[in-house]
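Trainee: Mind folding the following:
(one chain, ligands or ions: 1)
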Amino acid sequence: MSNSKLKNKSMRTTLLLWLLIPLVALTTLSTVIANHMVQVFANSFFDSFLLNSADSIAARFCAGKDGISVASLSPESTFLFSHGGQDRFFYRVLDKQGRRLSGDDIPELPVPNLSTWHKFGYTNVHRSLVRFCTVLVETSAGPVFVQVGETLNNRTILLRHIFLSILIPQVGLVCLACLSLWSGVSNGLRPLQSLNVTLRSRVKPNFLPIEIPEVPSELVAVIAALNELFDSLGNQFRLQQEFIANAAHQLRTPVTAVQTYTEHLARLELTASHRAVVDGLSLASNRLTAMVNGLLLLAQIEASPGSATEIADLTTAVAEASVGLLQRAKDRHIELIFDMPVTSAYVQSNPFQLVQLVSNLLENAIKYTPENGSVWVFVSKDFDGLISLIVEDTGPGIPLEYRDSVFQRFFRVPGAADAGSGLGLAIVKEIVTTSNAQIQLSDRFRGGSSFRITFNKCVTL
Ligand code: ADP
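Mentor: Numbers count the residues shown, from 1 in each chain. Modelled structure (predicted):
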């Protein structure tokens, strides 16, 4: 069971991984690309601003006979160029030899060179990264360079805001996509779960075709193949059942004849050695009769379809089952104690099979309990409608290691006292299953066995 659970889990996980890994990878890729493009756009926007600043400074040149003079920037203009004080803005004006004509003294800025002149660049000024722009201006007094630069605070803040405004919706989208994938995969796997439930709800060999509404086309072929398999298995199973039932039925007459003759023989005057032979014959014929009857009963139970739909009174079943066993208990000096409710206790079971169930448990209890012991039969009704049958005895009990095996066909606990067929508890288990009940085997409080059968609430009453 745990194995099948594991497989279900791995199938769902595999599907989700197949869908989620590409989704997360694509989302990450699109975020990285979008972020890169935003950086390019934002940089070109700020760069054009920087270029405008250089042009504005160039407009303040005054070229004359004495050379070039540049009007200094007012604090208001510097404030404007520095994006409202968020960045440090600086500029300088150089002649073609690289001498500073005006502006700030920033030795970190590279001296422009006419041959290797470039417009924009990055450099470190006072340990801060700075974006700068160099513009060559031709004046009547010769070429002049204007260099403007700014720190990157404003760009970084803007880029961070834009990045977050891309990232947050993307993360939200991925979360929503995960939820919808989870529910999609769960819905997609639902037909498989229905198939699992349908197959597991079959309490006994049931080879009827599986019918699940709204099956996806991929599963139709699987169900068709399963149904074909069920059909051929069902035919084989039926043939086998018929063979067992026929064989048991055919054996019944000669076996009954053997038992009748054996009983007749046992009543005759016999020598001690003949008596021993007849006792052995009697034991074997009793066992044979029990085995043939048990096989026939098992075949009948297996031939009945699905769970029991009839209603039977458990107290009546206990009364009917005990009638035939009272004498046996008396012969072995076993005290039978019954504790029944005053009103009927209806359960969902075939009435004949219910008598067999009680009879097998009671017969075992009497058979395996040593003389002068006691056997209890309780029928109790719980407040929540559950009805329990408990059969306890003062016998040897069943060792822990055999508690599952005793319900298998033909299993007998090694060294079991009395002769038996090994079918009694297998029949009990079959009837418990068709009655939708549960059986529990434990030790009685002061030694002995305790069988508890809990019937579900009777739905049709
Ligand atoms: P059997 O015909 O041998 O009684 P069952 O299927 O009824 O076959 O029981 C299987 C085995 O379980 C028995 O052989 C016996 O050893 C053990 N058993 C069943 N009922 C009891 C009980 N009340 N006390 C002790 N042992 C029991």
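Trainee: which element is residue 25 on?
Mentor: Element membership for residue 25, per DSSP states H and E: helix 2-58.
Trainee: And that helix, what does it pack against?
Mentor: Where contact means 3 or more CB pairs under 8 Å, 6 or more residues apart in numbering; DSSP states H and E, helix 2-58 is packed against strand 89-95, strand 128-139, strand 142-151, helix 153-200. (C-beta placed from N, C-alpha, C; glycine too.)
Trainee: mean confidence score for that helix?
Mentor: Taken as a whole, helix 2-58 has a mean pLDDT of 83.
Trainee: Serialize the helices and strands packed on helix 2-58 to JSON lines and add fields for mean neighbour count.
Mentor: Compiled in JSON lines, the helices and strands packed on helix 2-58 are given as follows (neighbours: other CB atoms under 10 Å):
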{"stretch": "strand 89-95", "mean neighbour count": "21"}
{"stretch": "strand 128-139", "mean neighbour count": "17"}
{"stretch": "strand 142-151", "mean neighbour count": "22"}
{"stretch": "helix 153-200", "mean neighbour count": "13"}
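Trainee: Reformat those as JSON lines; add distance to residue 218 and mean pLDDT.
Mentor: Converted to JSON lines, those look like this (distance: least, CB to CB, whole Å; pLDDT from 0 to 100):
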{"stretch": "strand 89-95", "distance to residue 218": "67", "mean pLDDT": "88"}
{"stretch": "strand 128-139", "distance to residue 218": "59", "mean pLDDT": "88"}
{"stretch": "strand 142-151", "distance to residue 218": "62", "mean pLDDT": "88"}
{"stretch": "helix 153-200", "distance to residue 218": "9", "mean pLDDT": "89"}
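Trainee: Tell me which of those sits nearest to residue 421.
Mentor: Residue 421 lies closest to helix 153-200 among the helices and strands packed on helix 2-58, at 31.0 Å (CB to CB).
Trainee: Just the element for the closest residue to residue 372 other than its chain neighbours, please.
Mentor: Closest residue in space to residue 372, ignoring its immediate chain neighbours: residue 333 at 4.9 Å, by CB to CB, 6 or more residues apart in numbering. For residue 333, there is no helix or strand it lies in under DSSP H and E.
Trainee: Residue 91 contacts residue 57, correct?
Mentor: Yes. Using CB atoms under 8 Å, residue 91 is in contact with residue 57, at 5.6 Å.
Trainee: Now for these two: what residues contact both?
Mentor: Common neighbours of residue 91 and residue 57, using CB atoms under 8 Å, 6 or more residues apart in numbering, are 73, 103, 146, 148.
Trainee: Farthest pair within these?
Mentor: Largest separation among the shared contacts of residue 91 and residue 57 by CB to CB: 73 and 146, giving 11.8 Å.
Trainee: Residues of the stretch 301-450 of the chain that sit close to the ligand?
Mentor: Applying CB under 6 Å from any ligand atom, one finds that the stretch 301-450 of the chain approaches the ligand through 364-365, 368, 393, 395-396, 398, 406, 411-413, 416, 420-426, 449.
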